[in-house]
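Novice: Dropping a prediction and its sequence here:
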Amino acid sequence: MKQPLAYIHPAAKIHPSVVIDPFVTIEQNVEIGEGTRIGSNVTILEGARIGKNCNIFPGAVISGIPQDLKFVGEETVAIIGDNTTIRECVTINRGTASKGKTVVGSNCLIMAYCHVAHDCVVGDNVIMSNATQLAGEVVVDNFAIIGGGSLVHQFCHIGSHVMVQGGALINKDVPPYVKAGREPISYAGVNSIGLRRRGFSNETIQQIQNIYRYLYLSGMNNSDAIERIEAELPATKERDEIILFVRNSKRGIIKGYV
């Protein structure tokens with residue numbers, strides 16, 4: 001683990017199995033789990049908490065100070081789960097007093113030049129394609145895939161199992177299980193291919209499609225559509241997740257394509 005051409009603060013807590021390449025900088029108040037590899041020229045700053053079996057490629061900067069003028073040096077962290085790959089030149093900032101932490105989950109793939117800003121929460125099994133940029137306090141739920149070059153406005157929420165086209169400008173919440181694309185960003189159908197790949201039955205996918213027919217194809221506003229969904233469609237985990245997402249949306253959900 002000891003690499004003579006790397007700077008490792010003696011107070012950093014690093015599992016003996018961690019591989020550290022030359023020209024890495026690791027500051028104090030850092031924890032790195034077993035089996036992780038840190039590529040050359042990676043910078044890991046105070047507050048980083050990196051899990052097991054991660055692979056961090058050259059040039060990444062983990063737990064940098066937030067790009068937020070309200071930040072005044074409070075002690076916060078940036079957490080990365082297990083088995084996550086961070087590709088070249090990714091930047092992941094630590095949290096602010098708002099939430100205290102930035103989180104990237106387990107089994108994620110964060111491709112080159114992505115940015116995860118302060119207080120974001122990225123779930124498990126998320127793929128962020130090259131140069132995707134998350135502004136502060138964005139939430140991305142499990143199994144979401146965001147196409148390359150996408151820009152996500154602060155406080156937006158991207159639901160689970162979502163597929164977003166590359167180059168999207170995301171300024172509204174994207175509800176679970178859907179495809180989102182076009183300009184401006186719009187509902188483009190249910191992510192049926194992705195759901196089948198993850199073991200969802202045809203019956204469940206059909207139920208999800210029925211829910212979104214109420215929300216996007218009925219001509220009703222969201223409140224009326226939700227009332228009809230609750231009254232007319234059977235309760236399922238997926239139905240209740242969608243209803244809760246729409247009701248809790250602070251920025252409003254993306255519109256249907258016109």
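Specialist: Great, that's in hand.

Novice: Buried ones in the lengthiest helix in the chain, by neighbour count?
Specialist: Using DSSP state H, we find that the single longest helix of the chain is helix 202-217. Neighbour counts using 16 or more other C-beta atoms under 10 Å place T204, I205, Q207, I208, I211, Y212, Y214, L215, Y216 of helix 202-217 among the buried residues. In this view, the C-beta of every residue, glycine as well, is placed from N, C-alpha and C.

Novice: what about P175, how many residues close to it?
Specialist: Neighbourhood size, P175 [other C-beta atoms under 10 Å]: 26.

Novice: Correction: the previous question concerned G100.
Specialist: 15.

Novice: hmm, back to that, show me how far the longest helix of the chain is from its chain's centre.
Specialist: 25 Å (C-alpha atoms, centre = their mean, to the nearest Å).

Novice: quick one: contacts of it?
Specialist: With contacts defined as C-beta atoms under 8 Å, 6 or more residues apart in numbering, helix 202-217 is touched by 175, 177-178, 187, 189-190, 192, 195-196, 220, 222, 225-226, 228-229, 233-234, 236, 238-239, 242, 246, 253, 256.

Novice: What ranges in this structure fall below the confidence cut-off?
Specialist: 1-2, 258 (pLDDT under 70).

Novice: which residue ranges form the helices in it?
Specialist: 192-197, 202-217, 222-232, 237-248.

Novice: and those helices as TSV, adding distance to A48?
Specialist: Putting those into TSV (distance: least, C-beta to C-beta, whole Å) gives the following:
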stretch	distance to A48
helix 192-197	31
helix 202-217	37
helix 222-232	40
helix 237-248	30
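
Novice: V138: which of the ones you listed is closest?
Specialist: helix 237-248 (14.7 Å; C-beta to C-beta).

Novice: in the closest one, what's buried?
Specialist: E238, R239, E241, I242, I243, F245, V246.

Novice: Output stretch 46-59 as CSV, nothing but the C-alphas.
Specialist: Extracted as CSV, the C-alpha positions of stretch 46-59 are listed here (Å, rounded to 0.1, in the frame of the first residue of the first chain):
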residue,chain,number,x,y,z
GLU,A,46,-10.6,15.7,4.2
GLY,A,47,-14.0,14.2,4.8
ALA,A,48,-13.8,11.4,2.2
ARG,A,49,-15.3,8.1,3.2
ILE,A,50,-14.7,5.5,0.4
GLY,A,51,-16.0,2.0,0.6
LYS,A,52,-14.7,-1.4,-0.4
ASN,A,53,-13.6,-2.5,-3.8
CYS,A,54,-13.9,0.9,-5.5
ASN,A,55,-11.8,1.9,-8.5
ILE,A,56,-10.9,5.5,-8.7
PHE,A,57,-9.2,6.5,-12.0
PRO,A,58,-6.5,9.1,-12.5
GLY,A,59,-7.3,12.8,-12.0
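
Novice: Now do that stretch: everything it contacts.
Specialist: 15, 21, 27-42, 44, 62-63, 75-90, 94, 106, 112.

Novice: PyMOL command for the buried members of these?
Specialist: Of the contacts of stretch 46-59, the buried ones can be selected in PyMOL as follows, counting by 16+ other C-beta under 10 Å:
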select buried, resi 21+27+29+30+31+32+33+35+36+37+38+39+41+42+44+62+63+76+77+78+79+80+81+82+83+84+85+86+87+88+89+90+94+106+112
